[in-house]
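**Student:** Test case, fold it:
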Amino acid sequence: MNILVLHSPAWVPEFRIESTAISIALGAMVAAVHHIGSTSIPRIYAKPIVDILVEVDAIESVDTKNSEMVKIGYEPMGEYGIAKRRYFRKINSQGTRTHHVHVFNVNSEHVYRHLAFRDYLIAHPLKAQEYSVLKQALANKHKNDWDLYVAGKDPFIKITEQIAIEWYRRRA
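**Tutor:** Okay, the predicted model is just below:
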């Protein structure tokens, strides 16, 4: 079911706690940890799943830490549809997904696009609200179909991502 909730101030400390645990689990390979996704953007509706992006120096080395990630509650999913990514998800005792971890090499195009999209929406609250309204409409329309919800967001994300990347480059 596609349930969206208004932004929660609890997501920031939740991210900090998880990022510390992940940094310990993955060890010295971690170059940076970022809060991404809708839970990182104030005042918009989001699925209550905290998305975390981890930058590492060598993506293949992450596979040697799967057992450490399992110990802190994460299920290793491999690349999970995106080449040169390692994806983990955390599900609580009620069976609800609570966290996603996306691991990429430092300076990956995926790191850049995620950070650009996040920062652009934070800096442009009207665009963030447009995204929030779209997500709410899609969640209502596709209550029981995750794939249609995601597909419905895709055009907005792709267009906004390109604008965000250009904006991000100009800021650098």
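**Student:** any idea how far Glu161 lies from Arg43?
**Tutor:** 20 Å (Cβ to Cβ, to the nearest Å). Using the backbone N, CA and C atoms, a C-beta is placed for each residue, glycine as well.
**Student:** show me where pLDDT drops low in the chain?
**Tutor:** Residues of the chain meeting the criterion pLDDT under 70: 1-2.
**Student:** Please enumerate the helices of it.
**Tutor:** In the chain, the helices defined using DSSP state H lie at 11-26, 66-71, 109-123, 125-141, 146-171.
**Student:** Go through those helices and pick out the most buried.
**Tutor:** helix 109-123 (a mean of 19; mean count of other Cβ atoms under 10 Å).
**Student:** Include distance to Ile82 when you put the helices of the chain into JSON lines, please.
**Tutor:** Formatted as JSON lines, the helices of the chain follow (distance: least, Cβ to Cβ, whole Å):
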{"stretch": "helix 11-26", "distance to Ile82": "18"}
{"stretch": "helix 66-71", "distance to Ile82": "17"}
{"stretch": "helix 109-123", "distance to Ile82": "7"}
{"stretch": "helix 125-141", "distance to Ile82": "21"}
{"stretch": "helix 146-171", "distance to Ile82": "14"}
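**Student:** out of the ones you listed, nearest to Val56?
**Tutor:** With Cβ to Cβ as the measure, helix 11-26 is the member of these nearest Val56 (7.0 Å).
**Student:** Just the residues contacting the closest one, thanks.
**Tutor:** Applying Cβ atoms under 8 Å, 6 or more residues apart in numbering, the set of residues contacting helix 11-26 from outside is 30, 33, 35, 39-40, 48, 50, 52, 54, 56, 62, 65, 68-69, 71-72, 90, 99, 101, 103.
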